[in-house]
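> Based on what follows, work out the 3D shape:
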Amino acid sequence: MSFLKRFFKKEYRAVEMIEVDEHLRQIMGLVTDTQTVLNIPAVSACVDFISSKIAELPIKLYHEKDGKTSEIINDIRLSLLNDSTGDLLDSYQMKKAFVRDYLLHGAGYIFPERNGNEFVSLRYIANENVTVTKNYDPIYKVARYQIGTRTFFDDEIMRICRNTKDGVTGIGIIQEHADILNAAYKQIVYERYLVERGGNKKGFIQVDDRVTQEVLDDLKEKWRTLYSSDNSNMMVLNKGLKFVESSNTSVEMQLNESKDTNNELICEMFGLSSKIISGTANDEEYISAIKVAIMPVVVAIQTALNKSLLLWAEKSDHYFILDTKELLKGDILKRYQAYQIALKEGFLQLDEVRYEEDKEPYGLQFIKLGLQDVLFDPKTRTIYTPNTNQTAVLGEKVVDNSSESAIIETRYSDSQPRDDRGRWIDAGGGSSSSGGGSAVFRDSNFDEKEITDDTIEKVPFVKIFDDETKDKAYQKANEELLTEAKKYPVGTEVSIVYDKDMKPIENHGYVVGKIGGGEVHIDNPDVSYHAFHNHPTDSTLSVDDLINLTKHDNMLSITAVGNGGKVYCMQKKDISKGLAYRMFLQQQAKQKILLGKYSYLDIKNGKLRKSDLSEDDAKTVIQQLSAFSEKCVKAGAFYGFDYRQK
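Presented below is the predicted three-dimensional model:
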């Protein structure tokens, strides 16, 4: 047979009908049907406890990629599993019935209805409505399901099976513990018999002489009246008649003790204790019950969900789970004490705790750090000490972030002389680099734009302050900055600062960077201010710009206006997160992002120059730098920084 024929051909061997002879079990007096078993209070309570606890659990879907796990929220399967199933039963009722069949009969069944690759409903099928047929082969097992007049293949039915050997049928409590269940049920029948007869004991009438049929009939009628429980009756025995009581059995003499013993045994069948059912269990006993009785069923359901509700393309990196944290929440005091420890040790944050408690988050994205802690990043081998604000790489020199020599950023000395217009004399370096680190290629003037009158006229109006007067002053500041930068060769950067009301600051005029150099110093006055500079490449704010903003408390915002007229602005909204944002930027700057070999920091240290690269690689580096800068800018939103561009 060819490979294709073997691949597509379905072979079915002789099929054997698997049935249980219910008539034989009834003849033997064994309990068989669901309703009869649930008449035993201990069984009903145990089944209800387990099925209800599991039915309460929300089902979640996760996607794992590159070692990172993310929760999928918008998926039709989650709606079917947690809300409306598309059947008459809602999700709670469906899961409860599913588990009940699993416990009592050994198998629970659900039909996942599909339209192509899309699931449209989940339909519960009662165990008694499913007939399973399978072949004789113990290795290559084949099974089908007969449900009503329909036949379904093995992979069309979702199932959970208890103590199964074939994967399609199981052994439930009813079959596995028939003797104990039968004894418990018979005990209930016996108690009902006593109640119906008013508690009168069994016995017989002893006579000295033979009596007539008329006397017998009269005696039977009075006897029947006596054993009726709905009236207060009595009977008088004539001379020669004597009531002889049947001897009590040990079961009758120890009825309550026997009932308690049976209840304990039934609870043990389900992995529970009678204290769980009566509600008197302590926390340790409750947790033990969850582990022994609930978790095995949870794992069985998760396995069934992953097998039946995941598409083939999803099976390698998607998975369903039942969120069991609701089961283990415990009482409120112990739960809050656990949260307190988690917050103190830092492996949970405040909003994560509020999420666990189903409360609206505050929107706090920062991580609380103690100054006494030393932080180590095993990936970059970087050590950061908040108390001293120092960063170090194992085996390398310590970098003091509190000084003017902070990582990435370089500064002019405030003692450096200026001309009569406030500009640096013989400027040779700067703290702000043009658009994503293009200073590396400043000798090439790569993609640097020439400022024109038309460019200046087209500088956009941007709503930065939600104050029209200040916003117009902001637009004018950008126009005047480009007008000043136009006086110098292409590639030259110019900066200026304005106070919080967008008015000039005395002794802080325009600062001109190195001619054609692509870098410029930004003044840091003693008052709150807004910083402006131009980017010859017309690109967004650089990492240097962002670190400048996080480092200087007086700087309210930093703006880069491109030589082509684009405006980019980052505003500081929450100063408490500035340190966390700077740490993020510094770590990002050291990662190998350029051609997989170099980092942004390599550029700043002069380890990478255009002359070292081919023309294609140089263009790739520029593109990667631009994407890197965009990533760093967008991350500011998580640390309380507001970004605008136009």
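> can you pull up the bridge partners for residue 598?
Listed by DSSP bridges, the beta-bridge partners for residue 598 are residue 594.
> residues in contact with it?
The neighbourhood of residue 598, defined by CB atoms under 8 Å, 6 or more residues apart in numbering, consists of 592, 607-608, 621. Backbone N, C-alpha and C define where each C-beta goes, glycine included.
> you'd agree residue 281 is in a helix?
No. Under DSSP: H, G, I helix; E, B strand; the rest coil, residue 281 sits outside any helix and is assigned coil.
> residue contacts, it?
Applying CB under 8 Å, 6+ apart, the residues near residue 281 are 273, 275, 289.
> can you list these in TSV and add secondary structure, neighbour count and pLDDT?
As requested, the contacts of residue 281 are arranged in TSV below (DSSP: H, G, I helix; E, B strand; the rest coil; neighbours: other CB atoms under 10 Å; pLDDT from 0 to 100):
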residue	secondary structure	neighbour count	pLDDT
273	coil	19	87
275	helix	14	88
289	helix	24	88
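> Those residues into TSV, with extra columns for distance to residue 283?
Output for the contacts of residue 281, formatted as TSV (distance: CB to CB, whole Å):
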residue	distance to residue 283
273	13
275	12
289	11
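> Okay, strands next: where are they in the stretch 401-550 of the chain?
For the stretch 401-550 of the chain, the strands defined by DSSP state E, counting those that start in this stretch occupy 432-433, 494-499, 511-512, 519-520, 529-535.
> sorry, back to before: possible to save the contacts of residue 598 as a markdown table with pLDDT, secondary structure and distance to residue 582?
As requested, the contacts of residue 598 are arranged in a markdown table below (pLDDT from 0 to 100; DSSP: H, G, I helix; E, B strand; the rest coil; distance: CB to CB, whole Å):
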| residue | pLDDT | secondary structure | distance to residue 582 |
| --- | --- | --- | --- |
| 592 | 79 | coil | 21 |
| 607 | 72 | coil | 22 |
| 608 | 74 | coil | 23 |
| 621 | 82 | helix | 24 |
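> Which among the residues you listed count as buried?
If you count burial by 16 or more other CB atoms under 10 Å, the buried members of those come out as 608, 621.
> Using JSON lines, lay out the contacts of residue 598 together with distance to residue 155.
As requested, the contacts of residue 598 are arranged in JSON lines below (distance: CB to CB, whole Å):
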{"residue": "592", "distance to residue 155": "45"}
{"residue": "607", "distance to residue 155": "57"}
{"residue": "608", "distance to residue 155": "55"}
{"residue": "621", "distance to residue 155": "51"}
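> Pull the number of nearby residues for residue 257.
Residue 257 has 10 neighbouring residues, counting by other CB atoms under 10 Å.
> Next, the contact list for residue 164, please.
Contacts for residue 164 (CB under 8 Å, 6+ apart) come out as 106-107, 170-171.
> Look at it and tell me its secondary structure.
Applying three-state DSSP to residue 164 yields a three-state assignment of coil.
> Would you quantify the distance from it to residue 549?
Separation of residue 164 from residue 549 (CB to CB, to the nearest Å): 63 Å.
> Please apply the same query to residue 188.
78 Å.
> quick one: which of the two has more around it?
For residue 188 against residue 549, the residue with the higher neighbour count under other CB under 10 Å is residue 549, and the figures read 24 against 15.
> so what pLDDT did the more buried one get?
Each residue has a pLDDT score; the one for residue 549 is 90.
> I'd guessed it sits against residue 557; true?
Yes. Between residue 549 and residue 557 there is a contact at 7.3 Å, judged by CB atoms under 8 Å.
> Now the common contact residues for those two.
Residues within reach of residue 549 and of residue 557 at once, by CB under 8 Å, 6+ apart, are 531, 570, 572.
> Identify the residue nearest the geometric centre of the chain.
Against the mean C-alpha coordinate of the chain, by CA atoms, centre = their mean, the closest residue is residue 71 at 4.6 Å.
> what about residue 488, neighbour count?
For residue 488, the tally of surrounding residues (other CB under 10 Å) stands at 15.
> Who wins on neighbours among the contacts of residue 164?
The member of the contacts of residue 164 that has the most neighbours, counting by other CB under 10 Å, is residue 170 with 24 neighbours.
> pretty sure that residue is in a helix, no?
No. Following the definition three-state DSSP, residue 170 is coil and is not counted among the residues of a helix.
> Give me the nearest residue to it, chain neighbours excluded.
Counting by CB to CB, 6 or more residues apart in numbering, residue 106 is the residue found nearest to residue 170 once chain neighbours are left out, at 3.0 Å.
> In contact with that neighbour, which residues?
161-164, 169-172, 175-176.
> Now render those as a markdown table, adding pLDDT and distance to residue 139.
As requested, these are arranged in a markdown table below (pLDDT from 0 to 100; distance: CB to CB, whole Å):
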| residue | pLDDT | distance to residue 139 |
| --- | --- | --- |
| 161 | 95 | 19 |
| 162 | 94 | 23 |
| 163 | 92 | 20 |
| 164 | 93 | 16 |
| 169 | 93 | 18 |
| 170 | 93 | 20 |
| 171 | 93 | 21 |
| 172 | 92 | 26 |
| 175 | 89 | 25 |
| 176 | 89 | 26 |
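> which among these gets closest to residue 56?
Within the contacts of residue 106, proximity to residue 56 (CB to CB) peaks at residue 162, which comes in at 20.6 Å.
> Help me confirm that that closest one comes into contact with residue 171.
Yes. Counting by CB under 8 Å, residue 171 is a contact partner of residue 162 at 6.3 Å.
> List the buried residues for the helix or strand harbouring residue 285?
When elements are defined using DSSP states H and E, residue 285 is found to belong to helix 283-289. When burial is assessed from 16+ other CB under 10 Å, helix 283-289 yields the following buried residues: 286, 288-289.
> In contact with the residue lying closest to residue 61 once chain neighbours are set aside: list those residues for me.
Using CB to CB, 6+ apart and skipping the chain neighbours, the partner closest in space to residue 61 is residue 72 (4.5 Å). Contacts for residue 72 were tallied using CB under 8 Å, 6+ apart; they are 61-63, 78, 318.
> Go again with 10 Å.
The neighbours of residue 72, taking CB atoms under 10 Å, 6 or more residues apart in numbering as the test, are 60-63, 78, 314, 318, 320.
> Of those residues, select the buried ones using a ChimeraX command.
Selecting only the buried members of the contacts of residue 72 in ChimeraX, with burial defined as 16+ other CB under 10 Å, works like this:
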select :60,61,78,318,320
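> In helices, which of the contacts of residue 72 appear?
Cross-referencing the contacts of residue 72 with the helices (criterion: DSSP state H) gives residue 78 as the overlap.
> Including distance to residue 629, could the contacts of residue 106 go into JSON lines?
Below are the contacts of residue 106 laid out as JSON lines (distance: CB to CB, whole Å):
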{"residue": "161", "distance to residue 629": "56"}
{"residue": "162", "distance to residue 629": "58"}
{"residue": "163", "distance to residue 629": "61"}
{"residue": "164", "distance to residue 629": "58"}
{"residue": "169", "distance to residue 629": "62"}
{"residue": "170", "distance to residue 629": "60"}
{"residue": "171", "distance to residue 629": "64"}
{"residue": "172", "distance to residue 629": "63"}
{"residue": "175", "distance to residue 629": "68"}
{"residue": "176", "distance to residue 629": "66"}
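> Return the member of those residues nearest to residue 84.
Comparing these against residue 84 with CB to CB picks out residue 161 as the nearest, at 26.6 Å.
> give me the beta-bridge partners of that closest one?
In this structure, residue 161 has beta-bridge partners residue 107, where bridges are defined by DSSP bridges.
> my read: it touches residue 143, true?
No. At 11.1 Å, residue 161 does not count as touching residue 143 under the criterion of CB atoms under 10 Å.
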